[in-house]
Structures are given as structure tokens and as C-alpha cells.
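> Model the structure of this input:
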Amino acid sequence: MALIAVSISVEEPALVAEVLELAQLAGDRGASLVEWRVDELGLSEAGHEACQVLVRESPLPCILTCRHECEGGAFDGNESQRASLFDSLIETNAIPRYVDIESARWAGSPELRESVRRLLTTGDCGLILSTHDFEGRPDDLARRVDSMRAEPEVNVVKVAWSARSIRDSMEAFDLLRESAGPTITICMDRFGVITRILAGKFGGLLTFAVLDGQSGTAPGQPTLTELQERYRFGDIGAATKVYGILGDPVAHSLSPLIHNAAFRRVDHDAVLVPMPVVDGWESFKASVATMLDQPSLDLAGLCVTAPHKENLLRFVQEQGGTIADSAMSAGAANTLVIQSDGGLVADNTDVHGIISPLQDVISLEGVRVAILGAGGAARAAASGLLAAGAEVVIFNRTRERAEHLVSAMKAEDAGSRIEVGSGGPLATDRFQVIINTTSLGMEGGPDASASPLEALGGEHESLAEGVILFETVYAPRETPLVQEAIQRGAVVITGDRMFLAQAAQQFKRWTGHDAPMEQWQNLLG
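From the prediction side, this is the model:
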């Protein structure tokens, strides 16, 4: 099982007592090690004395890291000064469990090497040789790894680079699987979060986390609570199946929270992780194909969100997979099921997620419905509404996209009661139901403070008393549109209703078990 090391930066000697308490808290919450980042303590005698106290009094085995500025740290001194720090540890018998040294600085400084070698021979101290690239994958990645592994003193090899896409993470997993000794491989930033969560699946020595409320020491570090509670880090092993929430953005998604809790409830050895993939067919195709080509990933399914729902349908069609009726009629899919024989199934649970909560409050036969947006969720809504006998009007900032959606629906059924609207009619016509399928108002979206009604040229007068507003955005629960609707006396169905309804069908498709709805509702509060 991989370990969790909590990284704590110590900017000045006066903070020693405070950070020691933080390390104790990390240990109480399940961390195995603490990484003391002492970049700013390496230049003074007072800083050296602080490092000695940190090591001697550390409540957890510790990694001492004085990261040079050339690899993302704050230490801007010379190697004689850094060697003096390590010599002071030897003199006071303050021996850390590991010391982390950049491979390039190790190779370039005989004085630093000799100081660290003396440290390694004075107690149970191991050497982590590391390399970091904040620009992207290093062209000489393999050479760097081989060079570090060849050093006689090295105990652990650490490689970290800024991921350009989730495909970089697959290469990071290959490095772990093929490593000849203890290894830490990390892809930084949002595209590399998966490498931090799945370190244990591929034999990584450890992953780094940050305490809740503290600043991270590298881009993309999850909190200790997220690793332990949301992703069940300690339960992840080589046989764990992997599911993903794929889209852009996905950091706001609550899918990992509910699905991972449900996996534990039904004893399903699996974890669902965030998989950000930027907009575009080529990006989607390459990312999913790369993951499917990685057998050791054990990819078992995906929740697919904007902007890739139509891309998922196309991908499964091109791969010769199975398209569920709901996905075919909606022209988009939000769920990928990967069968035990490798077969792909595309489904659309958004249809159920929208129609089921609506039918709890209104009979849809003959009801006039305005849909805001013209993407995959809009088409899913239109498909379900038309099947239920409603009349649908599509409003979108780009009229051409709305016309394309309407044409596609009419191509399936020439008698479909669906048309393209504009800002003017939305402001004056009376709709019994208004459904927002855009991402406006979403945390992490294009504009969290915006109202789609205003963006589409409409007016909030449309939200008259008795009108039903269905908001598909669930984070936050009360978007600007929802707040306005409540003030005007509209009947509001918040996005969490749709989210839970569609997620329950996803969970059933993946595991064969009914979703623990009461547990999910409690998790969402």
C-alpha cells in the first residue's frame, strides 16, 4: 500500500511549534510521513537550528526537502550553504528518514554529495533523488530516470512534471510499473491529479497531500481528507477498478464523493477519479483511447459531462460498441460502460435525470417547455420531453447550434413539436417549464455569477409565479438563476435532483446494485 506524506512549508524559524502541531494533526488523520519543506531555512544559522528541531521532534517520520529555486523551490543559495545545513543535522544527530535532493544539483556539486553521504551513514536516512519540470514532460525523461537509478546511494527515485493532458498520466503509470526500485511519479496540475490518487494501484511508494486549509507545495496536491475519505486511498490496490468523471471542468464534480461512498457500501473494489479533458473531438478521442489501451488501469466506466457528451456517442459508434436507446434518441451520451470482454456501451442517464423529477411535479403532455442551451444535456432533455408529449423551444446564444439540434430531432421524427426560439419570445411568451442546460452559474464554469436568461437576451420576468424552473447545474445548489426564481415565486427543481437521479442509473449500470439514495442525500446535505 502506498503511503501518504503531508507536505508542510516552514517559511521562518518562529513557525516551528505551529507546524509541529500540524504534523501531529496529519498523523492523527492517517498520514504516514511529513515532508518538511525548509527552502527558506537553508541560509541562516537560525534556520538550521529550526530544521534540527523539526527533525528531532517530528511526530512522524520525515522527509527533509530544501528545494532549489531552479526546480520550483525557494532556496536561492549555493550548494555550500545547503551542505552546511546537512552538516548541522549530523552534528546535532537530527537525522531525517529521507532527504530529497534534485538529481541535477547532486550531479553538479561534489560538496553537496559528500555532505549528504555523511548524513546517509549516520543513521536510518535514505536518499530521494528527484527531478521536476514545470514546463511539461522532459524530452529526456527516460535518461533522467536511468541516471538517478544508477546512483549507488539512491533509495528512492522521484519524477514530477506538469501534465499537458491526462495522457501524460498514463506514461507516469508506466514508469511506476516498470520501475526497478522504490519510485514516486507525479504529474502536476489538474491533468495529473489521477497520478496522486492512484499511486498505490501502480506500486508507487507514496503520494503527497496537504492538510485541509493549508497551502500546497506543488500544483494539484489533494488534501489529506480528500485522499482518505473521498478517494479511499488506503483501499486502492493493483486490482482496483477505475472509473472517471470526464469533462472540463470537473474539479467541482460531486461524482467522486457519491460513487466512491457507494462503492464502499456495496463492497465494490473501485474508485472514481477526476479526468479533465479539454474541449474537442481529437482531445477526447486520444484521451479515452489511451486509457483503454492501458490494461493495467482497469478502466471500467466513465461519467462524461460537458463538453464531451456528443463525443462519447461518436467514439463508441466508431469503436463498434453498443448504443443504448436513450443515447441514440438524445444524440449524446453521459455514461460509458466497459464490459468484462472490453465491449463498450454508451448510455444516457441524463434523460431519466431530467424527466423523472419533472414528472414528480407536472404531467408533461402538452406542456410548453423552454430549454436554455443546445448541447448534449439540452438534447437529452428535448428527447425525453418530446417522448412525454411536451412542446419544446430551444434558446441558445449561437442560433446555428440551436437549429442543428432542432433539425436533428426532426430528422428522427418529422412530427416533433420542437422549434428554435430567441430572446424576445422568451421574455413575453409564457412557458410552464424552463430548463437551464448551460454551464452558466456553475462553480469553475465560464461565469459562475451569470444568469443564462440574461445571457440569452431574455428577462427574469419569464420566471413568474407558478413557472417551473429546472436547473441542471448542481454546484452550487443555488445558482444566480435559482435565487432569482425563488424570489419571483417560481417552482424550483435544483440540479442536485437531476444529478442524483442520473447518477443512480449510472451506478446500476456499472455495478448491478441499486444506488444508496439515502446515503447520497445525506452526503449532499
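
> Show me this protein divided up by domain.
The chain breaks down into these domains under automatic domain parsing: 3-227, 243-348, 351-500.

> Turn those domains into a markdown table, including mean pLDDT, distance to residue 522 and mean neighbour count.
For every residue, glycine as well, the C-beta is placed using N, CA and C. What follows is the domains of the chain, written out as a markdown table (pLDDT from 0 to 100; distance: least, Cβ to Cβ, whole Å; neighbours: other Cβ atoms under 10 Å):
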| stretch | mean pLDDT | distance to residue 522 | mean neighbour count |
| --- | --- | --- | --- |
| domain 3-227 | 96 | 17 | 19 |
| domain 243-348 | 97 | 9 | 20 |
| domain 351-500 | 89 | 11 | 19 |
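
> closest one to residue 513 among those?
Nearest to residue 513 among the domains of the chain is domain 243-348 (4.6 Å), distances taken as Cβ to Cβ.

> Using a markdown table, please lay out the domains of the chain together with distance to residue 519.
A markdown table is the format used below for the domains of the chain (distance: least, Cβ to Cβ, whole Å):
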| stretch | distance to residue 519 |
| --- | --- |
| domain 3-227 | 18 |
| domain 243-348 | 6 |
| domain 351-500 | 11 |
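
> Strands of the stretch 301-450 of the chain, start to end?
322-323, 335-338, 344-347, 368-372, 391-395, 418-420, 433-436 (DSSP state E, counting those that start in this stretch).

> Tell me which of those sits nearest to residue 507.
Nearest to residue 507, of the strands of the stretch 301-450 of the chain and by Cβ to Cβ, is strand 335-338 at 9.9 Å.

> what bridges to residue 206?
residue 3 (DSSP bridges).

> Contact partners for it?
Residues near residue 206 by Cβ atoms under 8 Å, 6 or more residues apart in numbering: 2-5, 32-33, 184, 199.

> how far away is it from residue 245?
From residue 206 over to residue 245 the distance is 25 Å, taken as Cβ to Cβ, to the nearest Å.

> Check residue 139 too.
Relative to residue 245, and taking Cβ to Cβ, residue 139 is found at 32 Å.

> now do residue 60
Residue 60 is 32 Å from residue 245, where distance means Cβ to Cβ.

> Check residue 447 too.
22 Å.

> hang on, residue 484 in a strand?
No - under the criterion used here (DSSP: H, G, I helix; E, B strand; the rest coil), residue 484 is helix, not part of a strand.

> Residue 463 is in contact with that one, correct?
Yes - counting by Cβ atoms under 8 Å, residue 484 does reach residue 463; the two are 6.1 Å apart.

> who touches both of the two?
Joint contacts of residue 484 and residue 463 (Cβ under 8 Å, 6+ apart) are residue 453.

> all strands of the stretch 101-250 of the chain, in order?
Under DSSP E, counting those that start in this stretch, the stretch 101-250 of the chain gives strands at 126-133, 154-162, 183-188, 206-209, 241-247.

> So the closest residue to residue 391 other than its chain neighbours versus residue 392, what's the distance?
Excluding its sequence neighbours, the residue lying closest to residue 391 (Cβ to Cβ, 6 or more residues apart in numbering) is residue 417, at 4.4 Å. To residue 392, residue 417 is 7 Å away according to Cβ to Cβ.

> Name the residues contacting each of these two.
Here residue 417 and residue 392 have residue 386 as joint contacts, going by Cβ under 8 Å, 6+ apart.

> Let me see the contact set for the closest residue to residue 68 other than its chain neighbours.
Closest residue to residue 68 apart from its sequence neighbours, by Cβ to Cβ, 6+ apart: residue 75 at 5.1 Å. Residue 75 is in contact with 39-40, 42-43, 66-69, 82, counting by Cβ under 8 Å, 6+ apart.

> What's the separation between residue 75 and residue 144?
From residue 75 to residue 144 the distance is 21 Å (Cβ to Cβ).

> ok, now residue 292?
28 Å.

> Quickly note the distance from the residue in the chain sticking out farthest from the centre to residue 118.
Relative to the centre of the chain, and counting by Cα atoms, centre = their mean, the farthest-placed residue is residue 91 at 44.5 Å. According to Cβ to Cβ, residue 91 and residue 118 sit 10 Å apart.

> quick one on the thing from earlier: can you pick out the most distant pair from the contacts of residue 75?
For these, the maximum inter-member distance is 13.4 Å, found between 43 and 67 (Cβ to Cβ).

> Now do the contacts for the closest residue to residue 226 other than its chain neighbours.
Take residue 226 and drop its neighbours on the chain: the residue closest to it by Cβ to Cβ, 6+ apart is residue 209, 7.7 Å away. By Cβ under 8 Å, 6+ apart, residue 209 lies in contact with 4-7, 31, 196, 221-224, 226-227.
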